[in-house]
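Student: A structural model of the following input is requested.
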Amino acid sequence: KRLVDAVRPKINYSNVRKWTARIKLFEHDWIVVPVNESLHWSVAVICYPKLCFMPDPEGRKQPAIVYMDSLGCSKSHVFEAIKAYLQAEWEDKKCDE
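Tutor: Just a heads-up that it's a prediction; the model follows:
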């Protein structure tokens, strides 16, 4: 199943909810996300995903999404989909409790 439906650009969290059912995603400092669009692969790395929702108590780390594409393309919709997915995952797993 796909996170982003080709017909409508919004994410479909219910399609991919089971991907991280057994993983505490926000306990990881780095998450590598393979991205496939029209037979072209690229990669995004999410750095410190928990800090998107909770500030670093030491103030030393910053959350970031790094996108790498061999063709040098910048895909703002990839960033938006990843941010929307992280928000849905955070809310679904009730990570702020």
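
Student: give me phi/psi at the residue sitting furthest away from the middle of the chain?
Tutor: Outermost residue of the chain with respect to the C-alpha centroid, by CA atoms, centre = their mean, is residue 58; its distance is 23.6 Å. Reported as degrees, to the nearest 10, the phi and psi values for residue 58 are phi -90, psi -10.

Student: look up how far residue 64 lies from it.
Tutor: Using CB to CB, to the nearest Å, we find residue 58 at a distance of 17 Å from residue 64. Every C-beta, even on glycine, is put in place using the N, C-alpha and C of the backbone.

Student: quick one: the one helix or strand residue 92 maps to to chain centroid distance?
Tutor: For residue 92, the element it lies in under DSSP states H and E is helix 76-93. Going by CA atoms, centre = their mean, to the nearest Å, the spacing between the C-alpha centre of helix 76-93 and its chain's C-alpha centre is 5 Å.

Student: mind listing what's buried along it?
Tutor: Residues of helix 76-93 classed as buried under the neighbour-count rule (16 or more other CB atoms under 10 Å) are 78, 81, 82, 85, 86, 88, 89, 90, 93.

Student: now stretch 25-38
Tutor: If you call a residue buried by 16+ other CB under 10 Å, then stretch 25-38 has these buried ones: 25, 26, 31, 33, 35.
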